[in-house]
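Visitor: Structural data only, the sequence is not supplied:
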């Protein structure tokens with residue numbers, strides 16, 4: 001198995017050294033592709049010519065999924081891994097990945113150990129059932145796909161600014177493809193650098209509501225499963241915000257405004273999701289995938 005590792009980054013200068021060092025230590029033969037958004041912290045200068053990086057691409061788009069898809073197109077391996085810029089693979093990660101893919105898995109993921117000050121927490125597998133479909137979710141910063149599987153899905157949906165990994169999990173299940181959880185495929189994720197420049201797009205809760213509406217409408221249409229999922233999420237969030245207002249932690253007017261914004265975002269997402277469902281009626285459900293990338297400007301590092 002030839003492995004390609006895609007690391008999307010945006011203002012990750014302080015986090016990338018540990019990430020790349022871990023790849024060099026635990027997967028030294030992997031093809032390493034780093035895709036940089038419009039960073040403003042010296043990331044480009046650090047990466048260009050880095051001994052661990054085989055391919056370094058620069059994009060003008062801040063969308064994480066555009067970076068992931070650019071990495072897929074540049075990858076030459078028969079398996080493609082995606083790691084976060086703040087994510088370090090641990091000893092045994094590669095062995096676990098090889099074992100899972102060798103046994104026929106279409107994708108493999110594992111636990112994320114989070115370094116929170118002096119403590120370490122571990123995330124476990126999350127799954128849910130919609131109708132007769134069981135969806136196993138994964139973190140987009142620690143997942144490996146068989147090449148045939150990620151190509152059949154046409155990569156990530158670039159419409160989405162957030163939660164594209166959850167969308168991909170739904171599409172993976174729709175194609176009856178398997179996601180294997182391996183405890184040995186573990187990574188360590190450190191606290192983000194508080195001085196790093198955050199992407200305001202990622203912090204916009206309205207985009208999350210829009211994403212939720214889009215994902216469910218695109219993958220399931222207007223059936224009761226998607227409606228129940230949307231309604232349940234809105235009710236849960238509304239109850240949490242309402243309780244905060246009752247405790248005096250938030251003004252009632254702010255609570256009502258947030259509810260209005262959430263509903264507007266969900267409706268917009270549903271509209272766009274139905275349009276996407278119509279645009280791609282195949283099981284890949286991805287009209288904004290890798291195959292739509294032709295003609296996009298991508299700059300490759302050129303050393304002096």
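Guide: Nice, thanks for sending it over. A quick note: this is a predicted structure, and the numbers were derived from the prediction, not measured.
Visitor: so where do the strands sit in the stretch 151-300 of the chain?
Guide: 179-181, 187-189, 299-300 (DSSP state E, counting those that start in this stretch).
Visitor: do you know which of those lies nearest residue 27?
Guide: strand 187-189 (11.6 Å; Cβ to Cβ). To be clear about C-beta, it is placed using only N, CA and C from the backbone, and glycine gets the same treatment.
Visitor: what's the average pLDDT for that closest one?
Guide: Taken as a whole, strand 187-189 has a mean pLDDT of 94.
Visitor: do stretch 11-31 as well
Guide: 97.
Visitor: Report the separation between the two terminal residues of that stretch.
Guide: Stretch 11-31 has its terminal residues 22 Å apart, counting by Cα to Cα, to the nearest Å.
Visitor: Could you list the buried residues of it?
Guide: 11-16, 19-20, 22-23, 26-27, 30-31 (16 or more other Cβ atoms under 10 Å).
Visitor: again with stretch 79-92
Guide: So for stretch 79-92, counting by 16+ other Cβ under 10 Å, buried means 79-90.
Visitor: What ranges in the stretch 51-200 of the chain fall below the confidence cut-off?
Guide: For the stretch 51-200 of the chain, applying pLDDT under 70 flags the ranges 116-122, 191-200.
Visitor: could you pull out the helices for it?
Guide: 64-74, 93-102, 147-152, 164-174 (DSSP state H, counting those that start in this stretch).
Visitor: For the buried residues of stretch 11-31, please prepare JSON lines with the additional fields secondary structure.
Guide: Output for the buried residues of stretch 11-31, formatted as JSON lines (DSSP: H, G, I helix; E, B strand; the rest coil):
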{"residue": "11", "secondary structure": "coil"}
{"residue": "12", "secondary structure": "coil"}
{"residue": "13", "secondary structure": "coil"}
{"residue": "14", "secondary structure": "coil"}
{"residue": "15", "secondary structure": "coil"}
{"residue": "16", "secondary structure": "helix"}
{"residue": "19", "secondary structure": "helix"}
{"residue": "20", "secondary structure": "helix"}
{"residue": "22", "secondary structure": "helix"}
{"residue": "23", "secondary structure": "helix"}
{"residue": "26", "secondary structure": "helix"}
{"residue": "27", "secondary structure": "coil"}
{"residue": "30", "secondary structure": "coil"}
{"residue": "31", "secondary structure": "strand"}
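Visitor: Let me have these in TSV, extended by distance to residue 110.
Guide: Below are the buried residues of stretch 11-31 laid out as TSV (distance: Cβ to Cβ, whole Å):
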residue	distance to residue 110
11	26
12	22
13	27
14	25
15	20
16	21
19	16
20	20
22	14
23	15
26	13
27	14
30	16
31	20
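Visitor: between those residues, which is closest to residue 208?
Guide: Among those, and counting by Cβ to Cβ, the member closest to residue 208 is residue 11, at 21.0 Å.
Visitor: Thank you kindly, that will do.
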